[in-house]
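> Could you work out the structure for the sequence below:
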Amino acid sequence: MIRDAYRHEIPELVEMMRDYSMQSPVPVLRSATAHNSDHVARLFFELITGRGFVLMDEHQRGFIAAIVTPNVWCPDVRELHELAWWVKPDHRNSTIGGRLWTEFNRRAGQMLLEKKIDFACTSVLSNSPMIDYTKRDYQIMQATFFRDK
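Now for the predicted structure:
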(Lines give C-alpha, C1' and ligand atoms only; values in the text may rest on other atoms or scores of the structure.)
Protein backbone atom coordinates (compact mmCIF):
# COMPACT_ATOMS: atom_id res chain seq x y z
CA MET A 1 0.00 0.00 0.00
CA ILE A 2 1.26 3.49 -0.88
CA ARG A 3 0.25 6.20 1.57
CA ASP A 4 1.14 9.65 2.82
CA ALA A 5 4.19 9.74 5.06
CA TYR A 6 3.65 10.62 8.71
CA ARG A 7 5.57 13.24 10.66
CA HIS A 8 7.00 10.59 12.98
CA GLU A 9 8.62 8.96 9.91
CA ILE A 10 10.78 12.01 9.12
CA PRO A 11 13.95 10.45 10.65
CA GLU A 12 13.58 7.44 8.32
CA LEU A 13 12.96 9.79 5.37
CA VAL A 14 16.09 11.78 6.26
CA GLU A 15 18.14 8.58 6.22
CA MET A 16 16.70 7.55 2.85
CA MET A 17 17.44 11.03 1.52
CA ARG A 18 21.06 10.67 2.69
CA ASP A 19 21.26 7.44 0.68
CA TYR A 20 19.62 9.20 -2.28
CA SER A 21 22.22 11.98 -2.08
CA MET A 22 25.05 9.44 -2.13
CA GLN A 23 23.79 8.32 -5.57
CA SER A 24 23.82 11.83 -7.06
CA PRO A 25 25.73 12.33 -10.31
CA VAL A 26 27.01 15.64 -8.83
CA PRO A 27 30.11 14.85 -6.72
CA VAL A 28 29.65 17.68 -4.18
CA LEU A 29 26.15 16.41 -3.36
CA ARG A 30 27.62 13.02 -2.40
CA SER A 31 29.74 14.66 0.30
CA ALA A 32 28.61 13.71 3.80
CA THR A 33 29.35 17.28 4.91
CA ALA A 34 26.98 18.70 2.27
CA HIS A 35 24.01 16.72 3.62
CA ASN A 36 22.28 18.78 6.30
CA SER A 37 19.91 16.49 8.20
CA ASP A 38 18.15 19.36 10.01
CA HIS A 39 17.42 21.15 6.74
CA VAL A 40 16.17 17.93 5.11
CA ALA A 41 13.95 17.17 8.13
CA ARG A 42 12.44 20.69 8.01
CA LEU A 43 11.74 20.35 4.30
CA PHE A 44 10.08 16.95 4.77
CA PHE A 45 7.98 18.48 7.57
CA GLU A 46 6.88 21.31 5.25
CA LEU A 47 5.99 18.86 2.48
CA ILE A 48 4.03 16.58 4.79
CA THR A 49 2.11 19.51 6.31
CA GLY A 50 0.92 21.04 3.06
CA ARG A 51 3.69 22.47 0.89
CA GLY A 52 3.52 19.31 -1.20
CA PHE A 53 3.41 15.66 -0.26
CA VAL A 54 5.58 12.68 0.60
CA LEU A 55 4.42 9.18 -0.27
CA MET A 56 5.82 5.98 1.25
CA ASP A 57 5.08 2.31 1.03
CA GLU A 58 3.70 0.74 4.18
CA HIS A 59 7.06 -0.86 5.13
CA GLN A 60 9.19 2.29 4.62
CA ARG A 61 11.16 0.77 1.76
CA GLY A 62 10.88 3.83 -0.48
CA PHE A 63 9.40 7.28 -0.94
CA ILE A 64 8.59 9.94 -3.49
CA ALA A 65 8.50 13.60 -2.49
CA ALA A 66 6.91 16.50 -4.35
CA ILE A 67 6.65 20.24 -3.76
CA VAL A 68 4.14 22.83 -4.93
CA THR A 69 5.83 26.09 -5.77
CA PRO A 70 5.14 29.27 -7.75
CA ASN A 71 6.84 29.48 -11.12
CA VAL A 72 9.99 31.57 -10.82
CA TRP A 73 8.95 33.87 -13.72
CA CYS A 74 5.17 33.74 -13.40
CA PRO A 75 4.35 33.73 -9.67
CA ASP A 76 0.63 33.15 -10.24
CA VAL A 77 1.42 29.84 -11.97
CA ARG A 78 1.70 26.90 -9.53
CA GLU A 79 3.95 23.95 -10.30
CA LEU A 80 4.22 20.50 -8.76
CA HIS A 81 7.78 19.15 -8.87
CA GLU A 82 8.90 15.67 -8.00
CA LEU A 83 11.89 16.29 -5.74
CA ALA A 84 13.15 12.80 -5.03
CA TRP A 85 12.10 9.24 -5.76
CA TRP A 86 13.96 6.58 -3.82
CA VAL A 87 13.63 2.87 -3.23
CA LYS A 88 16.10 1.11 -0.97
CA PRO A 89 18.50 -1.00 -3.07
CA ASP A 90 17.33 -4.32 -1.58
CA HIS A 91 13.81 -3.63 -2.88
CA ARG A 92 14.52 -2.31 -6.38
CA ASN A 93 13.39 -5.45 -8.19
CA SER A 94 9.88 -5.12 -6.80
CA THR A 95 6.87 -3.01 -7.66
CA ILE A 96 7.48 -0.36 -4.98
CA GLY A 97 9.01 2.26 -7.28
CA GLY A 98 6.29 1.89 -9.87
CA ARG A 99 3.55 2.05 -7.28
CA LEU A 100 5.08 5.18 -5.74
CA TRP A 101 5.25 6.94 -9.11
CA THR A 102 1.75 5.81 -10.08
CA GLU A 103 0.38 7.40 -6.88
CA PHE A 104 2.45 10.57 -7.52
CA ASN A 105 0.93 10.75 -10.99
CA ARG A 106 -2.60 10.14 -9.66
CA ARG A 107 -2.15 12.93 -7.10
CA ALA A 108 -0.76 15.25 -9.79
CA GLY A 109 -3.80 14.54 -11.98
CA GLN A 110 -6.17 15.23 -9.09
CA MET A 111 -4.39 18.48 -8.25
CA LEU A 112 -4.65 19.54 -11.89
CA LEU A 113 -8.39 18.77 -11.96
CA GLU A 114 -8.90 20.70 -8.73
CA LYS A 115 -6.86 23.65 -10.13
CA LYS A 116 -4.42 23.44 -7.21
CA ILE A 117 -1.56 23.38 -9.73
CA ASP A 118 -1.16 24.46 -13.33
CA PHE A 119 1.31 21.73 -14.34
CA ALA A 120 3.30 18.84 -12.88
CA CYS A 121 6.94 17.90 -13.46
CA THR A 122 8.79 14.65 -13.02
CA SER A 123 12.43 13.99 -13.85
CA VAL A 124 15.09 11.37 -14.39
CA LEU A 125 18.61 11.50 -12.96
CA SER A 126 21.39 10.67 -15.41
CA ASN A 127 22.36 7.55 -13.43
CA SER A 128 18.77 6.26 -13.17
CA PRO A 129 16.97 4.02 -15.64
CA MET A 130 15.61 6.11 -18.51
CA ILE A 131 11.82 6.22 -18.36
CA ASP A 132 9.85 7.53 -21.31
CA TYR A 133 7.35 9.78 -19.58
CA THR A 134 5.84 10.84 -22.92
CA LYS A 135 4.03 7.50 -22.84
CA ARG A 136 2.40 8.72 -19.60
CA ASP A 137 1.03 12.01 -20.98
CA TYR A 138 4.07 14.11 -19.99
CA GLN A 139 5.94 16.32 -22.45
CA ILE A 140 9.64 17.09 -22.36
CA MET A 141 10.28 20.56 -20.97
CA GLN A 142 14.06 20.74 -20.60
CA ALA A 143 17.22 18.79 -19.99
CA THR A 144 19.51 19.93 -17.20
CA PHE A 145 23.28 19.67 -17.43
CA PHE A 146 25.80 20.52 -14.73
CA ARG A 147 29.43 21.54 -14.62
CA ASP A 148 31.61 21.36 -11.53
CA LYS A 149 35.07 22.11 -12.97
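> Counting neighbours, what do you get for Phe104?
21 (other CB atoms under 10 Å). (C-beta placed from N, C-alpha, C; glycine too.)
> Ala66: what secondary structure?
strand (DSSP: H, G, I helix; E, B strand; the rest coil).
> Go through the longest helix belonging to the chain and flag the buried ones.
Assignment by DSSP state H gives helix 96-113 as the longest helix of the chain. Within helix 96-113, the residues scored as buried using 16 or more other CB atoms under 10 Å are Ile96, Gly97, Arg99, Leu100, Trp101, Glu103, Phe104, Asn105, Arg107, Ala108, Met111.
> quick check, nearest of those to Arg78?
Met111 (8.8 Å; CB to CB).
> tell me the contacts of the closest one?
Residues in contact with Met111, defined by CB atoms under 8 Å, 6 or more residues apart in numbering, are Val68, Leu80, Ile117, Ala120.
> tell me the pLDDT at the third one?
Just to be clear, that refers to Ile117. What the model reports as pLDDT for Ile117 is 97.
> for it, helix, strand, or coil?
Following three-state DSSP, the label given to Ile117 is coil.
> And the last one, by the same measure?
In the three-state summary, Ala120 is assigned as strand, counting by three-state DSSP.
> ok, it - how many residues close by?
Look at Ala120: counted by other CB under 10 Å, it has 20 neighbours.
> same question, Glu82
Neighbour count for Glu82, taken as other CB under 10 Å: 19.
> what's the answer for the one 4 residues further on, then?
Counted with other CB under 10 Å, the burial measure for Trp86 works out to 20 neighbours.
> Report the separation between it and Gln139.
25 Å (CB to CB, to the nearest Å).
> now Ala32
Taken as CB to CB, the span from Ala32 to Gln139 is 37 Å.
> Could you check which helix or strand contains the nearest residue to Pro11 once chain neighbours are set aside?
In this structure, Pro11 finds its nearest non-sequential neighbour in Ala41, 7.5 Å apart by CB to CB, 6 or more residues apart in numbering. Per DSSP states H and E, Ala41 falls inside helix 37-46.
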